[in-house]
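**Student:** Requesting a structural model of the entry that follows:
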Amino acid sequence: MQAPQFCLTTSRSYLFIFIYRVYFINESTSLQDNDYLLNVVQNTTNFVLDTESAYKSNIPALIQIYFLHSSHLESPLLLVEIQYLLDHSSTLFSKFKKLFHLIFNPKSDLHSWGPLTNELRRFFSCSLFTFPIIAITHNLQGQLKSWFNKWIESYYSSSTTAASTTTDDIVIINAASYDPTFLLPTRLMNERKMYSHESSSLQGGVSVGVGLDLCG
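**Tutor:** Reported below is the predicted structural model:
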């Protein structure tokens, strides 16, 4: 089997098909909004979580939680502003804790890019949740890595590829044009990440997995 050629193409921009509404969780959150969220969360089982820290200080700043509903229903997107929460003894903060308790219940499926415990460990002091996490967690980064490793090895080890002088020995990667790591042949890129224990970015995962650009 001939060594495959690799074509770099510019990926299309990702278009979010779901309907959502942003809710800022902070000292200004209304009781009405919080009560609405407490009602919605009881009929939601899948959530997507991510966290952000302050750029320079690395202080925990934001927990993002998306309620994953079907595409025709409005889904809440929570932006929990850690540095702007009320005193822990306040009534509203108690409602925030109840909201998190329902999100993190054993029947929930929590999806994150990377181990969720690692994402949330720095935010433990905010007192919104407890460890260990008893919900079902899904590390999408790990799942993509496992799939991609198997795909690469399967491609290179296959001896049944039909001979061709045109496209049979070409792998097209719909990679984002701004990412220099995608200039490497796919196998070398993957080995580089594995040997250096480098984690794949969400942008890179979406680009390779479905050929779409998150930053477009």
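**Student:** Lowest-scoring secondary structure element of the chain by mean pLDDT?
**Tutor:** Taking mean pLDDT, DSSP states H and E as the measure, the chain has strand 5-8 as its least confident helix or strand, at a mean of 43.
**Student:** ok, now which ones touch Lys98?
**Tutor:** In this structure, Lys98 makes contact with Leu38, judged by C-beta atoms under 8 Å, 6 or more residues apart in numbering. Backbone N, C-alpha and C define where each C-beta goes, glycine included.
**Student:** Which element, helix or strand, includes it?
**Tutor:** Applying DSSP states H and E as the criterion places Lys98 in helix 91-103.
**Student:** In space, what's closest to Ala135 - neighbours in sequence excluded?
**Tutor:** The spatial neighbour of Ala135 that comes closest, neighbours along the chain excluded (C-beta to C-beta, 6 or more residues apart in numbering), is Ser108 at 4.2 Å.
**Student:** Contacts only, for that neighbour.
**Tutor:** Residues in contact with Ser108 (C-beta under 8 Å, 6+ apart) are 44-47, 135-136.
**Student:** Equivalent analysis for Ser75, please.
**Tutor:** 18-21, 66-69.
**Student:** Glu52 now?
**Tutor:** Glu52 sits next to 61-62, 64 when contact means C-beta under 8 Å, 6+ apart.
**Student:** Over to Leu116?
**Tutor:** 49, 110, 133, 137, 139.
**Student:** List the buried residues of the helix holding Lys98.
**Tutor:** Using 16 or more other C-beta atoms under 10 Å as the test for burial, helix 91-103 gives 92-93, 95-97, 99-100, 102-103.
**Student:** Show me which of the contacts of Ser75 are buried.
**Tutor:** Among those, those that count as buried by neighbour count (16+ other C-beta under 10 Å) are 66-67, 69.
**Student:** Can you tell me which of the residues you listed end up in strands?
**Tutor:** 66-67 (DSSP state E).
**Student:** I figured Ile133 hits Leu110, correct?
**Tutor:** Yes. The pair Ile133 and Leu110 passes the contact test of C-beta atoms under 8 Å, sitting 7.4 Å apart.
**Student:** Break this structure into its domains for me.
**Tutor:** 5-13+141-213, 19-139 (automatic domain parsing).
**Student:** weakest of the ones you listed in terms of mean pLDDT?
**Tutor:** Across the domains of the chain, domain 5-13+141-213 has the smallest mean pLDDT, namely a mean of 55.
**Student:** What separation do you get for Thr29 and Ser57?
**Tutor:** Distance, Thr29 to Ser57, by C-beta to C-beta, to the nearest Å: 24 Å.
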